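Q: A structural model of the following input is requested.
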Amino acid sequence: MATPLPSNHRRWVLLLVAAQMLFILAVAAAGYATTVYGRVVTLRTLPVDPRDLLYGDYVRLNYTISQVPIALWQEISLPRRRQAVYVVLRPAGEMYEAVRVFAQEPMEVPADQIVLRGWIADRYRRSLHIRYNLERYYVPEGKGKELERKGRRHTMLVRVSIAPWGQARITEAQVQP
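A: Numbers count the residues shown, from 1 in each chain. Take a look at the predicted model:
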């Protein structure tokens, strides 16, 4: 027969379980808050359909704001790979486009513009390749190839909710007829 834990150990175990539950709830709440309080922007993208054995079908998205001219870089020294950057987006019709890229979060941007955080994936002579953690969009099983096929013939638009604290999440992806 196993001996019961002393009450001191029991408290630590309960505290540990409570901390884990709080962490899970905080992650879920952060995602929900991003959708509710975030500002929605529409981005143009091109889908590519890979498959993940663990997660199923997803579409890899290549946004027009993922390749930006190096002329948009606002700092003196050139960016390095894996460096965090802040991309200022402004509306261009129904879509948003990149207008400036900073190494530090800009303090003030005009009301019609918004800041999206990313990082430098690669630097070329004339452009920067930026990732945003929005490059994967999971779809129902068997729908990835269909979405990729439609996306080759028509424009694919992705709506992204960007929270005031910088977190972003895809809220919708659709192919324009």
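Q: CA only for contacts and neighbour counts going forward, please
A: OK.
Q: and the strands in this structure, which stretches?
A: Per DSSP state E, the chain carries strands over the ranges 39-48, 51-52, 56-63, 67-69, 84-92, 95-102, 114-123, 127-131, 136-138, 156-162, 168-175.
Q: of all those, which lies closest to residue 17?
A: Checking the strands of the chain against residue 17 by C-alpha to C-alpha gives strand 168-175 as the closest, at 28.3 Å.
Q: counting contacts, what elements does the closest one pack onto?
A: In terms of contacts (3 or more C-alpha pairs under 8 Å, 6 or more residues apart in numbering; DSSP states H and E), strand 168-175 is packed against helix 7-37, helix 144-153, strand 156-162.
Q: what's the angle between the last one and strand 168-175?
A: The directions of strand 156-162 and strand 168-175 differ by 160 degrees, with axes from the mean of the first three to the mean of the last three C-alpha atoms, to 10 degrees as the criterion.
Q: circling back to that earlier point, so which of the helices and strands packed on strand 168-175 is the most packed in?
A: Burial of the helices and strands packed on strand 168-175 is given as mean neighbour count (mean count of other C-alpha atoms under 10 Å); strand 156-162 ranks first at a mean of 22.
Q: and it with strand 56-63, angle?
A: Using the same axes, to 10 degrees: strand 156-162 against strand 56-63 is 90 degrees.
Q: who does strand 156-162 touch, helix- and strand-wise?
A: Applying 3+ C-alpha pairs under 8 Å, 6+ apart, we find strand 156-162 packed against helix 7-37, strand 39-48, strand 168-175.
Q: switch those over to TSV; also include mean pLDDT and distance to residue 148.
A: As requested, the helices and strands packed on strand 156-162 are exported to TSV (pLDDT from 0 to 100; distance: least, C-alpha to C-alpha, whole Å):
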stretch	mean pLDDT	distance to residue 148
helix 7-37	82	25
strand 39-48	73	5
strand 168-175	84	9
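Q: how about these in a markdown table, adding distance to residue 100?
A: Below are those laid out as a markdown table (distance: least, C-alpha to C-alpha, whole Å):
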| stretch | distance to residue 100 |
| --- | --- |
| helix 7-37 | 23 |
| strand 39-48 | 16 |
| strand 168-175 | 18 |
